[in-house]
Each structure stands twice: as structure tokens, then as C-alpha cells.
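# Build the 3D model from these lines:
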Amino acid sequence: MARRGGESTIPLANGGVPPSTIAAQIVNNHSNANAQKEPGTKAAFGQLLHEYLSDPSIDEPNSQVNAQLIYVVAEAGLDVLLQENPFAQDLLIPQAIDSISIIKLTIQRRPELLLNTKIDEGNGITRPKLFLWLLPKLLTLMGYRNLDAIQENLQDLLLSCVQILQRTSDLWQYAVLLIQLYQSCIDGMSWDLLLQLCLGILTIFLDILSGLDATTTFQLSCSNFKVALPPSNGISNVWPESQQLVALPQGSQTIVSLPTQAICIAFSLIEIVVGTSEKFIKRGLPNLSFENNLRRAIDNFSVLWRCFKRLKKQNQRLPCYENIELAYIRTLAAVCVQTSKSNRSFIPSQSAAVTLSQGLSDLLLSCCLSSLCQSAQNKLAWSLMHIQSLLQLPADHNSLQDAPVEDLGALVKENLLPTIIRICRSPTWINSLEKELQVSRKMPVGQVNSLNIFSLLFVYGLAQMIGLKR
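Numbers count the residues shown, from 1 in each chain. A predicted model of the protein is given here:
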């Protein structure tokens, strides 16, 4: 347990006198190279993390120690996930979650730390600001295999960095730079994926003409995918001094070589960019900035989904597909449904209405033909009912809608209704649904599984969209 004032009873790994605070002890233990090799050091690290978080009143008064704490926790608590034995995940995942929580808590207490620069003692070279140093580490873990348990924590930390800067009056302009950095990552991944898609389609077409195996060729084009994050132009925008360097410092970028991981990362960043745009408007940025961000988000969003569908056709179903499908539904709602100043949901534009309805149509067909994962099915059913309810609301004058609600509603139904009718007229799907409803009717209340709940929600959503009356 921690003493008052943040002191810890855990001894130093090298037997010395413990520093005055837990934060200082975490930094001290990590800096001791000999201590890191001792068997109990890793267990002590996890215990220190837990103790630091167990008492919200614990605070390190020294800003430099707090900055070092973030560097140490990111390296010892996050980098280790890519280096250690996979059988140690039961220990490393909780430590990673605690590490992310400590980074977030420290930044909340001292937002200016995101602008901290680290100077190498050996050569005196100034490194990039902390948020630019931290971003590649977080992006490396996003969408990474076997790390599903920390994906929401990673996205929340990236979102929190922007929100914390937005709430700080003399730092909010750095939130703009951070969002621009996120956007450069989205653009880079979308462009590279689109390029691979076009090259793949082109080679398939050429191979068909020459009689070769088109499927194999497309898969090889995907295997050549490689994108550096953040891209160089994004780094130079937030760190102009980097343009004078012959090469970026080690660790300034991470290489993503899996298209599926890139799609997961991009969806998460799109959700953050669009979700934080309203705050910038309140700070006085023109509405045009919001509209541009929204338009770019919709364009990138559509490209990413097309690339994923192509990958899905050419490869057997992988576990990561479920995460992408769920992220797509979540991001679809974040991009195409905004919240006004009066806390009302609305569809902001005609392009958003078209994207929303086409996305839902695509998901409905995917659900009926190849089955979405359970979480995605439930999210889809909820989305259908939510969209139907907001289309029935009167116009909100506090929203940034560029067309009357009636026109937007007509666009949604025009694109979505044919798909719904097609599904409802499918004997195969109706028969499978009927069996599910029969099973659910025989089960005791409280024991209906999620698939049956989805079926009930799905029927209700379809009926509402078509306009059927009870």
C-alpha cells in the first residue's frame, strides 16, 4: 500500500532507499540497468502501476519526473507487448491497461507535458515533442493481433490527448495540430490501400487476359503493402525542425504492413477526428473546417470499406474481420450522425445521408449472406432503429444540417428501402429467421441468447424502416 504523500513501501530492486513518490520509483527502477535484469523487477513494475492508480490523490510534483514517467511507462508497459513471450499475455495485458491509464492521468494533470521535448544526454540532440514520440507506439499496437483487450484503451488515450488540449485555453491550438497529424495518418493509409486496390484490380485484369491466376496475383499485391505512420509530411507539419534532419530519429515512425491493421487504425482515427470537430467550431474555427473534415472522413471511410470488402473476397475469414466490421458500424454512426449544441442527433449533409444509407444497405446484405459477428449484428439493429427515430424528429436550428430533414430522410430511404425489401422477400432468410423466432419463443424469459435478441430487433428495425404498422 502507498504511504501518505505518494510514498511507497516497495523496496528498490537494487536494495537502495526508495524515492519519495511511486512515480519517481518507477522511473528509478527502469533507469537501473542491473535491476531490470532481476526476476522480481517485472512483478514489482506491475505492482507499482497498480499502487499508483489505487490512490487518485497520489501526484508527483516534479514535472520532469512526470515526463520521464510517461516515457518509462510507455516503453516498459507497452513496447513489451511486442517483445515478450505470448504466453505471458495474462500478465502483460493488465499492465498495459494500467500503463495507458497512468499516461492518461498524468497528461490530464499536466497537459503541457504533451509538448515536452526529450534531449539525448549523449549527443544533445532534441527529440520530437512527447505526443509525436508517443503516437507511433500507440499506432503500432492498434489493430495488432491478440491485443483486442486494449484497443478501446488505445483509442481513448488518443482521443483524450486531443480533448485535454482542447480544454486548455493556451494549448488548444496544439489540439488542431494533433488532429491534423491524425488526419495525415488516415490519408496516408487510405491512399496506400487505394493504390494497392487499383494495382490489384489492374493486375487481375492483365492476368485474365494472359490466362494467369488472378487471385494469387491480387494477394501478392496486398503482401507488398507498407505504410509509415505518421507520414513524413504529417511530422514536418507539427515538428518543422525535422525538415532539417537527414533522417528522422529512430522510433519517429512505425511501419504497418498488414492492410487489415491499417483499416482498423484508420477507422479509429476517423472516429476521433470527426468526434472532436465540434469543439474546434466553438473555439471560433470556421464551419468550413468542420465540413471539410467531414467530407474527407466520408471519402476515406468509403475507400477503406471498399478495400476491406476486396480483401474479404480474396481471403478466408480471419478473426480480425469481426473487429473491422464492428469498427465500420461504429465509425459509420460517428461520421454520418452528429450531435448539435442542444445535444440532438442529426445527419449533417446529403453526402452523409447517402453514405449512411449505402453503408447500412451493405451491412444488411453482409449480415444476411455471410453473417456478421454477434456484436456487429446487435449494433446494426440498434443503428437501424436509431436512424429511424432521428428521421422523425423536427429540424434542429442548432445543427449544421445543409438540407431539410425531409430531404435527408428521403435520401436515406431511397438508398436503403430497396435492400430491405429485397431481404424481406428472400424465402431463405425468412425461413432462417422464422426458426430463430420459434426457438426464442420456447425459451424462458432471461435465457434468450443474443442471436434471438438480434432477430427480434432486426425485424423491428426492418418494419420501422418500411413503415409497417402493428
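# and the closest residue to Pro128 other than its chain neighbours, backbone torsions?
Nearest residue to Pro128, sequence neighbours excluded (C-beta to C-beta, 6 or more residues apart in numbering): Trp239, at 5.0 Å. In short, each C-beta sits where N, CA and C put it, glycine included. Dihedral pair for Trp239: phi -140, psi 80, per degrees, to the nearest 10.
# Repeat that for the one 5 residues further on.
For Gln244, the backbone dihedrals are phi -90, psi -10 (criterion: degrees, to the nearest 10).
# How many neighbouring residues does it have?
A count of nearby residues for Gln244, using other C-beta atoms under 10 Å, gives 7.
# go on, the one 3 residues further on?
Counted with other C-beta under 10 Å, the burial measure for Ala247 works out to 7 neighbours.
# tell me which element it is part of?
Using DSSP states H and E, Ala247 sits in no helix or strand.
# who are the neighbours in contact with the residue nearest to Pro128?
For Trp239, the contact set (C-beta atoms under 8 Å, 6 or more residues apart in numbering) comprises 128-129, 132.
# Mind checking which of these are buried?
In the contacts of Trp239, burial by neighbour count holds for 128-129, 132, counting by 16 or more other C-beta atoms under 10 Å.
# Go through those and name the one nearest Ala247.
Distance to Ala247, by C-beta to C-beta, is smallest for Pro128 among the buried ones among the contacts of Trp239, at 13.2 Å.
# any idea of the pLDDT on the closest one?
Pro128 is assigned 86 on the pLDDT scale.
# Correct me if wrong, but it is in a strand.
Yes. Looking at Pro128 with DSSP: H, G, I helix; E, B strand; the rest coil, it is inside a strand.
# Can you name the residues that contact it?
So Pro128 contacts 117, 235, 239, 242, 249, 252 (C-beta under 8 Å, 6+ apart).
# Buried only: go through the residues you listed for me.
235, 239, 242, 249, 252.
# Output the below-cut-off pLDDT ranges for the stretch 1-150 of the chain.
Residue ranges of the stretch 1-150 of the chain with pLDDT under 70: 1-20, 33-43, 56, 84-87, 119-126.
# So which residues of it form helices?
Remark: helices assigned in the stretch 1-150 of the chain by DSSP state H, counting those that start in this stretch are 22-31, 33-36, 40-54, 63-77, 89-109, 130-141.
# Dihedrals phi and psi, Ile58?
Dihedral angles for Ile58 - degrees, to the nearest 10 - are phi -70, psi 130.
# Can you tell me how far Gln50 is from Ile93?
You called it Gln, but residue 50 is His. 14 Å (C-beta to C-beta, to the nearest Å).
# Show me what the helix or strand encompassing Leu364 is packed up against.
If you go by DSSP H and E, Leu364 is part of helix 350-369. With contacts taken as 3 or more C-beta pairs under 8 Å, 6 or more residues apart in numbering; DSSP states H and E, helix 350-369 sits against helix 287-314, helix 319-336, helix 374-391, helix 405-424.
# picking up where we left off before, farthest-separated two in the contacts of Pro128?
Taking C-beta to C-beta, no two of these sit farther apart than Thr117 and Ile235, at 14.1 Å.
# quick check: domain ranges of this structure?
168-331, 346-470 (automatic domain parsing).
# Output the below-cut-off pLDDT ranges for the stretch 251-400 of the chain.
Those would be 278-291, 315-317, 339-344, 369-371, 393-400, if you go by pLDDT under 70 across the stretch 251-400 of the chain.
# switch to 50 and redo it
288 (pLDDT under 50).
# How many residues are close by the closest residue to Glu112 other than its chain neighbours?
Using C-beta to C-beta, 6+ apart and skipping the chain neighbours, the partner closest in space to Glu112 is Leu171 (6.8 Å). Residues within reach of Leu171, counting by other C-beta under 10 Å, total 15.
# what does stretch 53-64 contact?
1-2, 6, 21-24, 52, 66, 69, 98, 101-102, 105, 109-110, 112-113.
# Please identify the deepest-packed of the helices and strands packed on helix 350-369.
helix 319-336 (a mean of 21; mean count of other C-beta atoms under 10 Å).
# Next, the angle from it to helix 374-391.
10 degrees (axes from the mean of the first three to the mean of the last three C-alpha atoms, to 10 degrees).
# Which elements pack onto helix 319-336?
helix 259-275, helix 287-314, helix 350-369, helix 374-391.
# still on that earlier bit, neighbour count winner among His50 and Ile93?
Ranked by neighbour count (other C-beta under 10 Å), His50 and Ile93 place Ile93 first, with 17 against 12.
# The residue nearest to the more buried one when sequence neighbours are not counted and Leu92, how far apart?
Distances taken as C-beta to C-beta, 6+ apart put Ala149 closest to Ile93, at 5.1 Å, once the chain neighbours are dropped. Distance of Ala149 to Leu92, given as C-beta to C-beta: 10 Å.
# cool, and Ile58?
The value you get for Ile58 to Leu92, if C-beta to C-beta is used, is 23 Å.
# got it, and His50?
14 Å.
# swap in Pro230?
Taking C-beta to C-beta, one finds Pro230 at 26 Å from Leu92.
# do Glu112 as well
30 Å.
# Might you report the residue contacts of the closest residue to Ile265 other than its chain neighbours?
Spatial nearest neighbour of Ile265, chain neighbours left out: Met142 (4.7 Å); criterion: C-beta to C-beta, 6+ apart. Going by C-beta under 8 Å, 6+ apart, Met142 touches 151, 154-155, 261, 264-265, 268.
# hmm, 10 Å instead?
150-151, 154-155, 158, 229, 254, 256, 261-262, 264-269 (C-beta atoms under 10 Å, 6 or more residues apart in numbering).
# Equivalent analysis for Pro418, please.
Ser361.
# so what's it scoring on pLDDT?
Reported pLDDT for Pro418: 83.
# which residues sit against stretch 352-359?
Against stretch 352-359 from outside (C-beta under 10 Å, 6+ apart): 294-295, 297-299, 301-302, 305, 328-329, 331-333, 335-338, 346-347, 349, 383, 387, 391, 401-403, 407-417, 419, 465.
# give me that answer again for 7 Å
When contacts are defined by C-beta atoms under 7 Å, 6 or more residues apart in numbering, stretch 352-359 is touched by residues 294, 298, 301-302, 332, 335-336, 347, 408, 411-412, 415-416.
# Convert the C-alpha atoms of it to PDB, please.
Output of stretch 352-359 as PDB, limited to C-alpha atoms (Å, rounded to 0.1, in the frame of the first residue of the first chain):
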ATOM      1  CA  ALA A 352     -23.500  11.800 -45.200                       C
ATOM      2  CA  ALA A 353     -27.100  10.600 -45.800                       C
ATOM      3  CA  VAL A 354     -26.100   8.700 -48.900                       C
ATOM      4  CA  THR A 355     -23.000   7.200 -47.200                       C
ATOM      5  CA  LEU A 356     -25.100   6.200 -44.200                       C
ATOM      6  CA  SER A 357     -27.800   4.500 -46.200                       C
ATOM      7  CA  GLN A 358     -25.400   2.800 -48.600                       C
ATOM      8  CA  GLY A 359     -23.300   1.600 -45.600                       C
END
